[in-house]
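Here is a sequence with its predicted model. Questions after.
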Amino acid sequence: MASGGFPILFITATRIGDAVLSSGLVKRLHDEIPNARFTIVAGPAAAPLFAEVPNLDRVIVLEKSKSGGHWFDLWRQVRRRRWGLVVDLRGSGLSRFLRTRRRAIHRKSAEPLHKVLEAARTLRIEDEPAPPHIFTSPEIEAQAAALTAGEGPILAMAPAANWIGKTWPAERFSQVAMRLLREGELKGGRLMVVGGAGDANVVKAMRDAAKNRIIDLTGQDLLVAHAALKRARLFIGNDSGAMHLAAAAGVPTIGLFGPSDERLYAPWGEHCRIVRGARDLDQIRAVDPELSQAICHMMDLPVEKVVGAAEELLAATEAPHA
């Protein structure tokens, strides 16, 4: 670990989506503190997002244990250093006992507040919140360019999610892809499928929609997937980490919502939209109060509504300049 500079301990989320939404704070600190050096603490799924942060001393992977022993393990790793700033987005007790010149500890908002704004409050910059930002490298960008090389615009989709309740059926994603890739601005284009290693079966179900003109990014490194998304013309996906990665990449993004609160988790950006079915969140909670049942709550979202939103967003935005 480097001894010089202004050492910052940044404790972020376990989940990919939450980590992406707070990632802009790292860039803001990097931009405003020229000699900042970062130690990032994140869960196993989110940790790879921070591998290319400038002036990075270390990424500490925080694996939860039922007994809470992960906090004691983290304490042992960071307690000996005198920090310039501790940013604790987990609101843990640990950060209060570290030696630091300044500390910024997350406090959950009493009213519904978007997670980007909630993170901004931690640094008291809610009047000028930091949009999500993921650092990459020239090597990662080159790898993404190779994966996406070819002719025709790219329609990116993320048909999976971490719970069946907020997963729109894969066959409906296929129907939307077929419509968009066979007519209009995306005619003759390619389909990019983004997801985790366990989502590979979804790709098989969607090959016909793109007539095998498919870019399979399931299981791909998160930073490479993020860089590849920068080259897409449009993204459509469930409320998931992939959706937030796409929005952070600047691609026009449509998030499909059902049992999620868009006030907290809508994709962040000027060219982002959310689409939901006939029911709002309160109506869904009436059926599933704890949002924990193994049933799909997305069946009332029709294909036509998603296609219409996609066509409107395409008309309102321009193609990226690769």
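Structure received.

What is the helix or strand of the chain with the lowest mean pLDDT packed up against?
Ranked by mean pLDDT, DSSP states H and E, the weakest helix or strand in the chain is helix 200-206, scoring a mean of 80. Contact partners of helix 200-206 among helices and strands, from 3 or more CB pairs under 8 Å, 6 or more residues apart in numbering; DSSP states H and E: helix 170-182, strand 190-195, strand 214-218. (Each C-beta comes from the backbone N, C-alpha and C, glycine too.)

so of these, which one's packed in deepest?
Of all these, strand 190-195 has the most neighbours on average by mean count of other CB atoms under 10 Å, namely a mean of 27.

give me the number of residues near residue 88?
21 (other CB atoms under 10 Å).

For the closest residue to it other than its chain neighbours, give me its contacts.
Closest residue in space to residue 88, ignoring its immediate chain neighbours: residue 95 at 3.8 Å, by CB to CB, 6 or more residues apart in numbering. Contact analysis of residue 95 by CB atoms under 8 Å, 6 or more residues apart in numbering lists 9, 11, 86, 88, 103, 105.

can you do 10 Å?
9, 11, 74-75, 78, 83, 86-89, 103-106 (CB atoms under 10 Å, 6 or more residues apart in numbering).

What are the structural domain limits within the protein?
6-122, 139-316 (automatic domain parsing).

quick one, strands of the stretch 101-250 of the chain?
Counting by DSSP state E, counting those that start in this stretch, the stretch 101-250 of the chain has strands at residues 154-158, 190-195, 214-218, 234-238.

can you put the ones you listed in JSON lines and add distance to residue 293 and mean pLDDT?
JSON lines is the format used below for those (distance: least, CB to CB, whole Å; pLDDT from 0 to 100):
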{"stretch": "strand 154-158", "distance to residue 293": "22", "mean pLDDT": "97"}
{"stretch": "strand 190-195", "distance to residue 293": "23", "mean pLDDT": "96"}
{"stretch": "strand 214-218", "distance to residue 293": "26", "mean pLDDT": "94"}
{"stretch": "strand 234-238", "distance to residue 293": "17", "mean pLDDT": "98"}
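
Dump those into CSV; add distance to residue 58 as well.
Below are these laid out as CSV (distance: least, CB to CB, whole Å):
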stretch, distance to residue 58
strand 154-158, 30
strand 190-195, 28
strand 214-218, 28
strand 234-238, 32
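
To residue 110, which of those lies closest?
Smallest distance to residue 110 across the strands of the stretch 101-250 of the chain (CB to CB): 28.2 Å, for strand 234-238.

and that closest one, what other elements does it pack with?
Helices and strands touching strand 234-238, by 3 or more CB pairs under 10 Å, 6 or more residues apart in numbering; DSSP states H and E, are strand 154-158, helix 170-182, strand 190-195, helix 241-249, strand 253-257, strand 272-276, helix 303-316.

Noted, bye for now.
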